[in-house]
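K.L.:
I'll drop the sequence and a predicted model, then ask my questions.
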Amino acid sequence: MTDHNKPNRSRLFINNKIQGRALLQIAFYWGAYHIVLWHAMFLFRYFQYLAEVKQGGEALPFVDFFGGFVEQHYSMLICAALVFPFILWDALKFTHRIAGPLQRFQTTLKAMTEGRTAQRVQLRKGDLLFDLQESFNEYVDTLQFNDEAEEQTKTSETIQDKVSILENLMNKDDEKEICTECAIF
């Protein structure tokens, strides 16, 4: 079955350790970025305000100044809040393209450690880690080749053992014939 024919995975959230941590990290950076941006914009505007006051502009209480800043720039916070779910959704889909293949490799490796025959891994279209798939499948092919070679060696040894037994039996029969011939003389 090629990667084009494989159905989509039934779950988008596959691995809490990988996807959960990645999404939390992205959410943290998203929040930190907007906090830093908000404060940087505020400080920039505050220093402009201080320069205006030095040149004779109207002095405002800090609360009023901050309130005016929020009133002018709250749209940035609204936009950030509206875009955030889309960023998380895209990040979830991206991490799915990593966690899905890792889950498949883990399942295959567990099956191998339980003694089941090694199977090649075929990733879906859009998945990442195709280099790992290639290396893993080369390893599986090597294991299967070694298993086949070992089986052929065992079969060959078994045949050689049987031939050796037959030769021994034939030699014993020859010895019996020689002994009976000796007894005749």
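P.N.:
The structure has been received and is ready for your questions. Residues are numbered from 1 along each chain as shown.
K.L.:
my guess is residue 23 meets residue 92, correct?
P.N.:
Yes: here residue 23 reaches residue 92: they are 6.3 Å apart, a contact under C-beta atoms under 8 Å. To be clear about C-beta, it is placed using only N, CA and C from the backbone, and glycine gets the same treatment.
K.L.:
and the helices in the protein, which stretches?
P.N.:
Taking DSSP state H to define them, one finds helices in the chain at 21-54, 62-113, 130-184.
K.L.:
what average pLDDT does the second one get?
P.N.:
Computed over helix 62-113, the mean pLDDT rounds to 93.
K.L.:
do the same with the shortest one
P.N.:
Across helix 21-54, the average pLDDT comes to 96.
K.L.:
list the buried residues in it.
P.N.:
The neighbour-count check on helix 21-54 (16 or more other C-beta atoms under 10 Å) flags 22-23, 26, 30, 34, 38, 45, 49 as buried.
K.L.:
could you dump those residues to a markdown table with distance to residue 99?
P.N.:
Below are the buried residues of helix 21-54 laid out as a markdown table (distance: C-beta to C-beta, whole Å):
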| residue | distance to residue 99 |
| --- | --- |
| 22 | 9 |
| 23 | 11 |
| 26 | 14 |
| 30 | 20 |
| 34 | 27 |
| 38 | 33 |
| 45 | 43 |
| 49 | 48 |
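K.L.:
from the residues you listed, which is closest to residue 169?
P.N.:
residue 22 (69.9 Å; C-beta to C-beta).
K.L.:
contact partners for the closest residue to the closest one other than its chain neighbours?
P.N.:
Once flanking residues are discounted, residue 22 sits nearest to residue 95: 4.7 Å by C-beta to C-beta, 6 or more residues apart in numbering. Contacts for residue 95 (C-beta atoms under 8 Å, 6 or more residues apart in numbering) come out as 18-19, 22-23.
K.L.:
if we go to 10 Å?
P.N.:
Shown in contact with residue 95 (C-beta atoms under 10 Å, 6 or more residues apart in numbering): 12-15, 18-23, 26, 128.
K.L.:
quick one: which two of those residues are the most distant?
P.N.:
20 and 128 (18.0 Å).
K.L.:
what number of residues lie near residue 11?
P.N.:
Using other C-beta atoms under 10 Å, residue 11 has 11 other residues around it.
K.L.:
residue contacts, it?
P.N.:
96, 99-100, 103 are the contacts of residue 11 under C-beta under 10 Å, 6+ apart.
K.L.:
that older thread, which one's more surrounded, residue 20 and residue 128?
P.N.:
Neighbour tally, residue 20 and residue 128, criterion other C-beta under 10 Å: the higher count belongs to residue 128, 17 against 14.
K.L.:
I'd guessed the more buried one sits against residue 97; true?
P.N.:
Yes: using C-beta atoms under 10 Å, residue 128 is in contact with residue 97, at 4.8 Å.
K.L.:
give me every residue that touches the residue minimising distance to the centre of the chain.
P.N.:
By C-alpha atoms, centre = their mean, the chain has its centre lying nearest to residue 102, at 2.9 Å. Residue 102 sits next to 14-15, 17-18, 127-129, 132 when contact means C-beta under 10 Å, 6+ apart.
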